[in-house]
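>>> pasting the sequence and the predicted model now:
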Amino acid sequence: MTDFGRRDFLRITGAGAAAGFLPGGQLFAQDTKAGQAAKPVLVAIYLRGGQDALNVLVPFGDKHYKDLRPTIGILAKDTEDAKGVIALDDTFGLHPSMKALKPLYDDKRFAPVVCTGSPHNTRSHFDAQDFMEYAAPGMRTLKAGWLNRYLAATKPAKTEGVVLRALAMQGLLPRALRGECPALAVPERNVLDNSKVLETFEDIYGKDGDKMDKREDDPVVATGRDTLETLKRYKEIEAKGKTRKTNYANGRLGSKLKDIASVIHADAGLEVACIDIGGWDHHANEGDDQGTIANMLKEGSDSLAAFADDLGKRLDQVLVVVMTEFGRTCKENGNSGTDHGHGSVMLLLGGAVKGGKVHGEWRGLEDKALYEGRDLPVTTDFRNVFADALRNHMKFDPPKDFFPDYKAAAVKGLF
Amino acid sequence: MSQETLSDDEKIVHVLNRLTPGATSDLVNEVRKEGLKGWFARQLKGDAREPELLAAALRNLDSLGRDCKEIHDTYDKPIPDGTAEPERRKLEALKIVPARELCTAILLRALYGANPVLEMSCDFFRNHFSVSIDKDEVRFLVTDWDRRVIRRHALGNFGDLLKATAHHAAMLFYLDNHLSRRPPTKSELQMIESEARRTTKSKERGREAVEIARQRGLNENYARELLELHTLGVDRHYTQGDVLMVARCLTGWTICRRPEQWGDFEFNVDVHSTENKTFLGAEVKGKRDPSEGEWVLEVLSRHKGTALFVAAKLCRWLVSDDPDEKMVMRVAKVFNQSVGDLPKTLTAIVEDPDFFKRGHFRAKYKRPWEFVVSALRATKAEVTSFDGIGAALEAMNEPLYRCADPTGYYDQAEAWRDPGSMAIRWAFCSDLVAGRIAGAKIPASFYADVPADAAGMKTELARRILPVAGIGTQTSQNLDALVSRARKPSGPMIVGVLLGSPDFQKQ
């Protein structure tokens, strides 16, 4: 991350801390005034490892699908032994574990985009994630992730009072959020909720009896005070926005979405939130209607549906984009898994997205339609989806160089 | 307190804090006896015999002494189609052993090794020539890389180190040079297109195939980082044209995949770009051997820009986040005149008039690795595995050998002072003293002979954890208040607070 933003951030927050714990802090944007339209929020969920698109949005209507996936394929219809797809149209259906998303699809809030991905041919997780988070395939010269570039480009002229607009629900900022604009990496729950430790160190860092050490000039003391203040404020906001009635699925995504929903309900100026969910690199035993992927998809879909339910009318204000670095081989391998591929699927929920339809161009699973004869081709550049989301949902029209070396093209009918 | 010059004891603590993984009371005593100068000169050889306990622990790490081929053969076994489940799991588990054992060894050496200056230098160069085990095969290559590249040269010569990195599979793989090949010729592209059109009967697919073939050509990744991150510094002394030329010089520098020499450096003349080239204004004749690449590395290792860039980085690491420019110039001059002699360069830093400035004394914020390791050293923690410490480093955003960017981890405090970050350090301190960190325990003996009364306990533990320097007045007063409120102050409670105090965050 570049250090300039951080320095600004510290200067602002450090000033607050030196004045002796300004109540409420200045880390978050001021609460939305009555009558003012709530800010749009983009929630980016990154599934790391390369999710197997063909078992998420299943092309059951394609006659080749069954042959490509003899052991892990999802059936077109329920049988006595196994559940079949949840059909969306004649060609595509959701994995049976994703049934919680079907009402949202019917409600036109949920939209899959098929064959998304990068024009770059890398099959390395590392590079593909990098290229996607900087939204610059094949380039390594950018210093800020695409979401931080958005924050920088839309930075309010008056920065005072509007400092923290982005959260990552993990101890580490994802690359998409790195850059000059500050974002808070929210520590894990066990750290956040450890009030005994926080109180102890508030005693050590917080009080100055005399000025012998000139501690207000000490940046480490300032960081400690920032930490105490930020977490306190974060917890206040979260508590204010807490909505207890929704049951989230137990799991990694559910608890993080629940925290984000609390912050959104608090109207504290959040614009971007990031969540990473790892573990999608299924080279072996990925399972079919049951098993590894089925469990992960169930937790994910139930959590997303709970999030939509929790947000209620605010779902108009919030767009969720679920993405992964690449798809996997169309044909299953000898270990009932799949290997690194190319084209993938992106899932959009909420905001202004036109759901109830499978978007993107589908060329079928015939050998010659496949990328290098083995993977889904990329017919929608992932940057088209990013750009559409920024333009139509965040009301930010990305300028020409926002995505370097990129020819703008919208995804037809997505918004 | 405010004298301009540091006392002899303060000088010892300062050197130990900056040029080793952390000062400890025992080490301070050792240096007092030997004298700082003599001790440092001996440390620069990096050949002190390791204590038997450490040596035995390292011997238990089976993968540690193996080369790339042995690691590949032993730990990266193919999993054939249809392998039964328990066997498949076993083979998967085997794949993560070498990197985990390497991380364990790095940690144990930093904690218990007899060559703490060497360990510090390894830490610096691991970061300078950063590779990540998260990138595919790198996890099988880092063991050999760490031993034969980093550790072998960390107190040797920079030019030798640079050349070793350029020839090693870990770097060739990590920055993609193993894929780099001369751009396809026009006739080769035509062949690819017509072949693709013939098999798919589609004009568009033919064009796609050409695009893919083009991407499979020259890869500038390593060439760019070699100039930007390893030697000259970003956009200094070179142009984009030079990057291209270096990439062309290095085409064909790849990794041997033949079983008998798996992982060795290999020059593949078939993909080497053989035309004449110019680099930094000098001409080099295109040849059918690796000599152009060797020449580039030689030029870079002797370049004044490299001396300045590496000197500045070393000063940032060892002296201050924002080192004095004149000091950097002085250190760069020694680096340049000694043609990259690292012990001479480190000596120049320690002997520089700026090094022992009062303003530098315990003024530098520790990186997470520095913080964790110094805390374990200060408390004489008994560490038996990497797992718990590895998780703590990951929570603090500095997992070992897993920097996501080729830049290496940041070496200035700003990058580590996220709001929120300090809470993770505090939680670590509280977990460590409570014995909740897997594989790391502070032994009861650390608390032996500590006075039973709260004030005495505090003073003695502060002396043990922050030798010579002790804790600042304000921290001390706040700690007194905290201790007096506690019903029964305990050693571990006080140690946890001391480790999390502002005083211990700095070196």
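Good, I have the coordinates. Numbers count the residues shown, from 1 in each chain, chains lettered A, B, ... in the order given.
>>> for the residue nearest to B:Pro80 when sequence neighbours are not counted, grab phi and psi.
The shortest distance from B:Pro80 to any non-neighbouring residue, by Cβ to Cβ, 6 or more residues apart in numbering or on different chains, is to A:Gly334 (7.2 Å). For the C-beta atoms, the positions are set from N, CA and C on the backbone; glycine is no exception. The phi/psi pair for A:Gly334 (degrees, to the nearest 10) reads phi -80, psi 0.
>>> hmm, A:Gly334 is touching B:Asp81, no?
Yes: taking Cβ atoms under 8 Å as the definition, A:Gly334 is a contact partner of B:Asp81 at 2.1 Å.
>>> and B:Lys357, how close does it get to chain A?
Distance, B:Lys357 to chain A, by Cβ to the nearest Cβ, to the nearest Å: 17 Å.
>>> could you report the pLDDT at the residue in the stretch 201-350 of chain A positioned nearest to chain B?
Taking Cβ to the nearest Cβ, chain B has its nearest neighbour within the stretch 201-350 of chain A at A:Gly334, 2.1 Å off. We have a pLDDT of 80 for A:Gly334.
>>> and the helices in the stretch 1-150 of chain A, which stretches?
Using DSSP state H, counting those that start in this stretch, the helices of the stretch 1-150 of chain A run over A:3-18, A:65-68, A:102-106, A:125-133, A:146-153.
>>> quick one: contacts of the last one?
Outside helix A:146-153, the residues within contact range by Cβ atoms under 8 Å, 6 or more residues apart in numbering or on different chains are A:42, A:44, A:133-135, A:144, A:165-166, A:176-181, A:183, A:271-272, A:274, A:386, A:390, A:394, A:396, A:398-399, A:402-403.
>>> which of these are buried, as a PyMOL select command?
Applied in PyMOL, the following selects the buried portion of the contacts of helix A:146-153 according to 16 or more other Cβ atoms under 10 Å in any protein chain shown:
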select buried, chain A and resi 42+44+133+134+135+144+165+166+176+177+178+179+180+181+183+271+272+274+386+390+394+396+398+402+403
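>>> so where's the chain uncertain?
Because you didn't say which chain, this covers chain A. Chain A contains residues with pLDDT under 70 at A:1-37, A:158-164, A:207-214, A:216, A:243-244.
>>> think we crossed wires, I meant chain B
For chain B (pLDDT under 70), the answer is B:1-3, B:215-216, B:419.
>>> quick one: residues contacting the residue in it that chain A sits nearest to.
Ranked by Cβ to the nearest Cβ, the top residue of chain B for proximity to chain A is B:Asp81, at 2.1 Å. Listed by Cβ under 8 Å, 6+ apart, the contact partners of B:Asp81 are A:333-335.
>>> show me just the buried residues among those.
In the contacts of B:Asp81, burial by neighbour count holds for A:333, A:335, counting by 16+ other Cβ under 10 Å.
>>> now distance to B:Leu61 too, for the contacts of B:Asp81, in TSV please.
Converted to TSV, those look like this (distance: Cβ to Cβ, whole Å):
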residue	distance to B:Leu61
A:Asn333	33
A:Gly334	33
A:Asn335	30
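>>> grab the nearest non-local neighbour of A:Thr223.
Excluding the flanking residues, the one nearest A:Thr223 by Cβ to Cβ, 6+ apart is B:Arg417, at 4.4 Å.
>>> these two touch, right, the one you found and A:Arg225?
No: counting by Cβ under 8 Å, A:Arg225 is not a contact partner of B:Arg417; they are 11.4 Å apart.
>>> contact partners for the residue nearest to B:Ala413 when sequence neighbours are not counted?
In space, and not counting its chain neighbours, B:Ala413 is closest to B:Tyr365: 3.7 Å by Cβ to Cβ, 6+ apart. Applying Cβ under 8 Å, 6+ apart, we find B:Tyr365 in contact with A:219-220, B:321, B:413, B:416-417, B:505-506.
>>> equivalent analysis for A:Asp130, please.
With Cβ under 8 Å, 6+ apart, A:Asp130 has these contacts: A:140, A:175, B:404.
>>> for chain B, what's the nearest residue on the stretch 51-200 of chain A?
A:Phe126 (4.1 Å).
>>> what is the neighbour count of that residue?
As a burial measure, A:Phe126 scores 16 neighbours (other Cβ atoms under 10 Å in any protein chain shown).
>>> list the buried ones in the helix or strand where B:Val28 lies?
In this structure, B:Val28 is located in helix B:25-34 according to DSSP states H and E. For helix B:25-34, the neighbour count (16+ other Cβ under 10 Å) marks B:27-28, B:31 as buried.
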